[in-house]
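**Student:** got a predicted structure here, sequence first:
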Amino acid sequence: MADNAADGPVDRNDGQGDTSRPVTIAFIAESAGVSVPTVSKVINGKSGVSADTRARVEALVNEYGYRKPTGANRNNVVELVFRELQHMWAVEIIRGVERVARQHRVGVMVSEFGLHDTDLPTWDDTVSRRPNCVLSVAQLSEAEREQLKAKGIPFVVVDPATELPDDVPFVGATNWSGGRAATRHLTELGHRRIAMISGPQDQLYCCARLDGYRSAMQAAGLEIDPELVVHTPLTSEDGFQAARSLLALPERPTAIFTANDLQALGVYQAAREAGLGIPGDLSVVGFDDLPVVAWVDPPLTTVHQPLTEMAVAATELALTLGRGEEAPQAGLEIATTLTVRASTAPPKS
């Protein structure tokens, strides 16, 4: 990605190069014929760069007097970046960030970048604003991380959706334990045909919740019927369509565990359409514990994901890094808990 803000002083009296351009990471990369992440690795002393390339980049850095930016030129703002803002859990994350920001007298800016090619803002806009630190929800690519590092902007990933390198700070939840607790609750009630509506297979937390389901089923001595495990996007409409198919099976499930609460709301709709009562005919367990699910009929049994607490911890960590202090640990997982309400009961005998 291009990086167009000035990073350091320019001294080009030797006549080389375009004297009208500021010295940026992008300029050094272009001059060396390499990528921005490669230059960032050299400047930050990271491995993964050949000796010849490292020497070429270091020579250009010295020639043009490039200096790494410091925290002194960053604004007193935390930027919170979502790929999608349409989900209800975004409100819980914003609430946690705001809580910490008020305590530290720091401003908060919320950005939505979109999942694919869109007209929404890009990381170039974030970098040009020079926030004190960045909180990125779910994902932060290597190129994006290198771009922030090049400007000296600390970052933390909240609820990561993919595996991250060991040195990338993150705050997540115990998704595997949550999936296991939800399924164990159903097996202890006596359910044997338990379906799982999981999320996309490339989402780390969805895989962890599904693995927790599998672990609890195996611990209960129950075989997992492949027909009862489906993958859908994390929406109520997709939960509805998946549940509709599951409830139409010749031997339908007596309980359904979903990867999030929105899918569970879709299950409610499918059960009503099929003339099934919850929990008399079908038990349902969700994941997230969004405020709305305590008010549906019947109130939803779900795994409480501490979204606000995760956001609080991530913001504290990001501000610590923004002050140039050492973080006590790079990664943190906050415990999930099962909230039992009225949507689960023993199966009919």
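**Tutor:** Cool, the structure landed.
**Student:** ok, and the closest non-adjacent residue to the residue nearest the centre of the chain?
**Tutor:** The structure's the chain has its C-alpha centroid closest to Ala138; by C-alpha atoms, centre = their mean the separation is 1.5 Å. Closest residue to Ala138 apart from its sequence neighbours, by C-beta to C-beta, 6 or more residues apart in numbering: Ala161 at 4.3 Å. Any C-beta I mention is one placed from the backbone N, CA and C, and that applies to glycine too.
**Student:** quick one, helices of this structure?
**Tutor:** Taking DSSP state H as the test, the helices found in the chain are 25-32, 36-43, 51-64, 89-104, 123-129, 142-150, 175-188, 204-219, 236-247, 261-273, 307-322.
**Student:** tell me which of those sits nearest to Pro291.
**Tutor:** Nearest to Pro291, of all the helices of the chain, is helix 89-104, at 8.0 Å by C-beta to C-beta.
**Student:** count the neighbours of Asp52 for me.
**Tutor:** Counted by other C-beta atoms under 10 Å, the residues lying close to Asp52 total 8.
**Student:** typo on my end, Glu309
**Tutor:** Should you count by other C-beta under 10 Å, Glu309 turns out to have 17 residues around it.
**Student:** report pLDDT for it.
**Tutor:** Listed pLDDT for Glu309 reads 95.
**Student:** shouldn't it be in contact with Gly96?
**Tutor:** Yes: taking C-beta atoms under 8 Å as the contact criterion, Glu309 and Gly96 are neighbours in contact, 6.7 Å apart.
**Student:** name the nearest residue to Arg180, sequence neighbours excluded.
**Tutor:** Once its chain neighbours are removed from consideration, Arg180 has its nearest residue in Gly212; the separation is 3.7 Å (C-beta to C-beta, 6+ apart).
**Student:** pretty sure that neighbour is touching Gly178, no?
**Tutor:** Yes: Gly212 is in contact with Gly178 according to C-beta under 8 Å; the separation is 6.4 Å.
**Student:** just to revisit the earlier point, nearest to Thr254 among the helices of the chain would be which one?
**Tutor:** When these are ranked by proximity to Thr254, the top entry is helix 175-188, at 8.7 Å, counting by C-beta to C-beta.
**Student:** could I get the helices of the chain as JSON lines with distance to Leu290?
**Tutor:** Rendered in JSON lines, the data for the helices of the chain read as follows (distance: least, C-beta to C-beta, whole Å):
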{"stretch": "helix 25-32", "distance to Leu290": "41"}
{"stretch": "helix 36-43", "distance to Leu290": "37"}
{"stretch": "helix 51-64", "distance to Leu290": "48"}
{"stretch": "helix 89-104", "distance to Leu290": "6"}
{"stretch": "helix 123-129", "distance to Leu290": "28"}
{"stretch": "helix 142-150", "distance to Leu290": "28"}
{"stretch": "helix 175-188", "distance to Leu290": "14"}
{"stretch": "helix 204-219", "distance to Leu290": "15"}
{"stretch": "helix 236-247", "distance to Leu290": "11"}
{"stretch": "helix 261-273", "distance to Leu290": "5"}
{"stretch": "helix 307-322", "distance to Leu290": "9"}
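**Student:** out of the ones you listed, which gets nearest to Pro165?
**Tutor:** With C-beta to C-beta as the criterion, Pro165 lies closest to helix 142-150 of the helices of the chain, at 8.2 Å.
**Student:** which strands and helices sit next to that closest one?
**Tutor:** Contacting helix 142-150 under the criterion 3 or more C-beta pairs under 8 Å, 6 or more residues apart in numbering; DSSP states H and E are the following elements: helix 36-43, helix 123-129.
**Student:** could I get these as TSV with distance to Gln329 and mean pLDDT?
**Tutor:** TSV is the format used below for the helices and strands packed on helix 142-150 (distance: least, C-beta to C-beta, whole Å; pLDDT from 0 to 100):
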stretch	distance to Gln329	mean pLDDT
helix 36-43	24	78
helix 123-129	25	76
